[in-house]
Structure formats: C-alpha cells, structure tokens
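*Asks:* How does the following fold in three dimensions:
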Amino acid sequence: MKNFKLILLFWGFMIFSLPAEALKEIDRVVAVVNNRIITLYELDRTMVPKLGSIQKSIHRDQAFHEAKREALNKLIEQILMEQAVEKAAIEITDDDLARAIQSVLHQNRITIDELKSELASKGVSYESYKSNLKKEIKQIKFIQQNLGMNVQVSEKEVEDFLESRNKTEKKTTVTFDQISLPLKEGVRQKELKKALAEAQEITDNARKTGSFFPLATTPVGPVSTDEIPAKLAEALRSAEIGTITDPISTMNNILIAKLNEKKTETVSNQMGSEEAYQLLYKNKMDQEMNHYLLKLRQKAYIDIRE
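*Replies:* Numbers count the residues shown, from 1 in each chain. I've put the predicted structure just below:
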C-alpha cells in the first residue's frame, strides 16, 4: 500500500529488549527546556531521516555532529512552541477534527477505512492518530491567532513580485566545500566577534594554502543558491571557482566555503497571482515564526548537556 500523507510522523523503535545499560544511555538527558527534558532517545529518533545523507558524506563525523546540533535545535523549538500553545488553552471542537480528517481523506484520495488500515499497519491506533491530529490543529490555530495577524501581503506586493519574477532570470547551481563552526546557545556580541575573528584566521590560512587542510570539511552540492543561507548564496554567486569566502554568521554557526563548481543558466519561470501570494505569505510567515521562536528562546530556561 502506498505511503499516505497522514500529517503524522510514525516511528517503530522497540526498546523493551535492550539491556539495562543501553536503556540508561537512551534515557540520558541531553537538554532541558523550561520544565521539559529531552532524552537521547528523542534526539536520535529525530535524526533518523538524516542518516542516509550522513552515510554518504565523506566526513561522516562532522556531518553527524552538525545534523545532531540541528536536530536538537529543532526539538527545542518544537517544545517551546508546544508549551506556548498549551498556555494559550485553545479549544478544538469535534467539527474541527472532522474537517481535518476529511481534508486528509480528500488530499490522499482514500476512504476512512483505508486510513485506519494504513494506521494499523504502522502500529498506530485511530484514537492515537486523532489525538496527535488535535495537537497539530491546535498549533495551527495558535499560529493563525498569534502570528497570522502580523502577516499581510498586499496586491501591490504580488504585482511587484510577479513583474520581477515572470521575467527571464538566472539560476545558479554551486558545489562547494564547507566548514561549519558551531556557535553557543545565546552567544553574546563580544563572543561572536571573537568567533568571527578566529574564523577569519582559518579563512586567511586557507587562502594562503588553497585548502582547508587539515580541517575537516563537508562537501555540499550541486545545490541551487536558492536553497542555502542567503548571505552564503550571495557570496558564492559573485565568486570565481576556487574562491574561499569570508566567514558568514548564521543563527547557529559560522560558515566558510570554498567554491569548487558553479553553473549559471537562464530560466523563465511563469507564476500566477495565487501562487505568488502563497509564496510571499509563506516567506513572511517563516520570518515571523523565526522571530517568535527567537523571543521564546530568549525568555526560556534552556540547558544543553550534549
């Protein structure tokens, strides 16, 4: 049976037969978010979808640690959002739940019996599925009520976007080696300046030798510059092959890249008004969400023990 989009993540990890020492390690606390703990088991489970790409990486250890840090950050943000939603005490009616289930059935073109059968094959009861779905609906309502009101897209914005978008444009694809230097949670400006200065030393040395050796790098690409951090994309678009970028700071790390390949081609992308509106709305909502999560992090008690 095909895999349906059930607005639900399934996992089937069996821990009951593990020895006591293994269970102790699984239960190890890796972080505390306010009054909520994150165990190693939760973190490892979140990383499962990334294991394939980690195995393909030349520098597996570095790729693993980067993926682990990203997964932990996502878990922290997920918990902060869940806690905010719980405080809001948003009610979900039976009609809300029924409409959501009908939407799932319609999108996947399945019947309620087929949905229940698919859930059963994953070891998930229908009642458990509905309970998780309620949580997702509650979060959607919370976002709409607390963040949605701050996101507006005008007709002028759509028109301007389409005028610039529906023209022939250049698309750049790059391949590069990357060094990622992690930043501590809640890094201060003084510490950031020091980290950037240390990163600049790495850059200067690499420019002299033409290589990051002996530091481990992560190969990236080929990938569109639209899919990497904006500052890094801007640097690589204007760079020549072999260029080593200046250090670029993001929320969680400092990036340095050496451009290996670059391909630029002319493309023509035509987009309709509704698609343009949805894209602009999503971009604004993502920015609003990132800003909101940052405020939550600043107010929260977060203790990372990894």
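
*Asks:* mind checking the backbone torsions on the residue lying farthest from the centre of the chain?
*Replies:* Most distant from the centre of the chain: K208, at 34.6 Å, with distances by C-alpha atoms, centre = their mean. Taking degrees, to the nearest 10, you get phi -70, psi -40 for the backbone angles of K208.

*Asks:* quick one: it from K135, how far?
*Replies:* Applying C-beta to C-beta, to the nearest Å, the value for K208 to K135 is 54 Å. Where C-beta positions appear, they are placed from N, C-alpha and C, glycine not excepted.

*Asks:* and if you look at S103?
*Replies:* Here S103 is placed at a distance of 16 Å from K135 (C-beta to C-beta).

*Asks:* Flag every buried residue along the helix or strand harbouring A67.
*Replies:* Element membership of A67, judged by DSSP states H and E, is helix 60-88. Using 16 or more other C-beta atoms under 10 Å as the test for burial, helix 60-88 gives 62-64, 66-69, 71-73, 75-77, 79-85.

*Asks:* swap in stretch 243-251?
*Replies:* The neighbour-count check on stretch 243-251 (16+ other C-beta under 10 Å) flags 243-245, 247-249 as buried.

*Asks:* Next: stretch 184-194.
*Replies:* The neighbour-count criterion (16+ other C-beta under 10 Å) identifies no buried residues in stretch 184-194.

*Asks:* List the contacts of the residue nearest to K231 when sequence neighbours are not counted.
*Replies:* Of all residues beyond its chain neighbours, the one nearest K231 is I248 (4.7 Å), with distances taken as C-beta to C-beta, 6 or more residues apart in numbering. Each residue near I248 by C-beta atoms under 8 Å, 6 or more residues apart in numbering is listed here: 229, 231-232, 235, 254-257.

*Asks:* Repeat that for Q178.
*Replies:* 217-220, 255-258.

*Asks:* Look up how far K171 lies from the residue nearest to the spatial centre of the chain.
*Replies:* When the chain is reduced to its mean C-alpha position, the nearest residue by C-alpha atoms, centre = their mean turns out to be K74, at 6.8 Å. Applying C-beta to C-beta, the value for K74 to K171 is 29 Å.

*Asks:* Residues contacting the host helix or strand of A197, please?
*Replies:* Using DSSP H and E, A197 sits in helix 189-209. By C-beta under 8 Å, 6+ apart, the surrounding residues in contact with helix 189-209 are 179, 181, 183-184, 187, 212, 215, 244-247, 249, 254, 256, 258.

*Asks:* can you do 10 Å?
*Replies:* Judged by C-beta atoms under 10 Å, 6 or more residues apart in numbering, the contacts made with helix 189-209 from elsewhere in the structure are 177, 179, 181-184, 187-188, 211-213, 215, 217, 242-249, 253-258.

*Asks:* Filter the residues you listed down to the ones in strands?
*Replies:* Secondary structure assignment (DSSP state E) places 177, 179, 181-182, 248-249, 253-258 from these within strands.

*Asks:* Most neighbours among the residues you listed, please name it.
*Replies:* Compared across those, A257 has the highest neighbour count, 28 neighbours, by other C-beta atoms under 10 Å.

*Asks:* buried sites along the one helix or strand I140 maps to?
*Replies:* When elements are defined using DSSP H and E, I140 is found to belong to helix 126-146. Applying a neighbour-count criterion of 16+ other C-beta under 10 Å, the buried positions in helix 126-146 are 129, 133, 137-143.

*Asks:* tell me the mean pLDDT for it?
*Replies:* Helix 126-146 shows an average pLDDT of 91 in the prediction.

*Asks:* who does it touch, helix- and strand-wise?
*Replies:* Applying 3 or more C-beta pairs under 10 Å, 6 or more residues apart in numbering; DSSP states H and E, we find helix 126-146 packed against helix 60-88, helix 94-108, helix 112-121, helix 273-299.

*Asks:* between those helices, which gets nearest to V30?
*Replies:* Nearest to V30, of all the helices and strands packed on helix 126-146, is helix 60-88, at 6.8 Å by C-beta to C-beta.

*Asks:* quick one, phi/psi of I58?
*Replies:* phi -70, psi -40.

*Asks:* so what's it scoring on pLDDT?
*Replies:* Residue-level pLDDT assigned to I58 equals 71.

*Asks:* Next, count neighbours for it.
*Replies:* Here the count is done by other C-beta under 10 Å, and I58 has 11 residues near it.
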